[in-house]
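Q: only geometry, no sequence info:
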């Protein structure tokens, strides 16, 4: 059974710092991995999608890496800003499931970037 | 990408009643999903709703409690039946595009008294 763990659970940093959020999963047979952000009182926003054959994806100040063999992904945020404050969620879809769109979720990392 | 809207955005309901949540997508999609996010928890998939077939429910969720309709490729409803305070949660619908990215609606915040 796939399990997704995110470390740390919470993080508070001063503005401008580069930071890394970690996601690990127990079953390496994944179809893809996605990073989302969730703002209080709002829905989820997809940040990056990494297919199982890829090693990383970049979007602006965000870079996500994937090491499928070790069951790990990291989300790197460069030059953090107060607007980056949110909960960041990692989710994987399993290639062994008939429905390869089904996502298994971590509990998230709550990030606070202080001005 | 896909833009998703949900109605209502929030509601306060009495126990024993039912609430139907609507999800509208701005494009035709095959797969739609309904999730629940209880306070302090991550997302839990309730069911997958494909147009033209019955919804597929995850373990712990049953059709009598969470009936789902999917009348066309842009719309779905989730009903939370015979509600209890334990059903207080955020309910989210999402869709998966061909590329694999999932897009989410803003959620429906439900409080059951």
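A: Arrived safely. All values derive from a computational prediction rather than experimental measurement.

Q: List the contacts of the closest residue to residue B:18 other than its chain neighbours.
A: Leaving aside its sequence neighbours, residue B:18 sits nearest to residue B:81 (C-beta to C-beta, 6 or more residues apart in numbering or on different chains; 4.6 Å). C-beta here means a position set from N, CA and C on the backbone, and glycine is covered the same way. Residue B:81 sits next to B:18, B:64, B:65, B:66, B:67 when contact means C-beta atoms under 8 Å, 6 or more residues apart in numbering or on different chains.

Q: Could I get the pLDDT score of residue B:81?
A: Per-residue pLDDT puts residue B:81 at 97.

Q: Kindly report the same for residue B:31.
A: At residue B:31, pLDDT is 85.

Q: now do residue A:101
A: On pLDDT, residue A:101 comes in at 68.

Q: go on, residue A:97?
A: pLDDT recorded at residue A:97 is 52.

Q: isn't residue B:23 right up against residue B:74?
A: No: checked against C-beta atoms under 8 Å, the pair residue B:23 and residue B:74 is beyond contact range at 9.2 Å.

Q: In the sheet, which strands lie alongside the helix or strand bottoming out on mean pLDDT in chain A, parallel or antiparallel?
A: None of the helices or strands of chain A scores lower by mean pLDDT, DSSP states H and E than strand A:103-105, at a mean of 90. Here strand A:103-105 is paired, per DSSP bridges, with strand A:86-94 (antiparallel).

Q: I'd like the mean pLDDT over the strand it pairs with, please.
A: 92.

Q: where's the residue nearest in space to the middle of chain B, which helix or strand?
A: Closest to where the C-alpha atoms of chain B average out (C-alpha atoms, centre = their mean) is residue B:34, at 3.4 Å. Per DSSP states H and E, residue B:34 falls inside strand B:31-37.

Q: Could I get the full set of strands for the chain?
A: With no chain named, the answer covers chain A. Secondary structure of chain A (DSSP state E): strands at A:4-7, A:10-14, A:19-25, A:30-38, A:44-51, A:56-59, A:62-67, A:72-77, A:86-94, A:103-105, A:109-114.

Q: sorry, should have said chain B
A: Counting by DSSP E, one finds strands in chain B at the ranges B:4-7, B:10-13, B:19-25, B:31-37, B:43-50, B:56-57, B:68-72, B:75-80, B:89-96, B:102-104, B:108-112.

Q: Need those strands in a markdown table (columns: distance to residue A:88).
A: As requested, the strands of chain B are exported to a markdown table (distance: least, C-beta to C-beta, whole Å):
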| stretch | distance to residue A:88 |
| --- | --- |
| strand B:4-7 | 20 |
| strand B:10-13 | 24 |
| strand B:19-25 | 24 |
| strand B:31-37 | 15 |
| strand B:43-50 | 13 |
| strand B:56-57 | 28 |
| strand B:68-72 | 29 |
| strand B:75-80 | 26 |
| strand B:89-96 | 16 |
| strand B:102-104 | 14 |
| strand B:108-112 | 21 |
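
Q: All set now, cheers.
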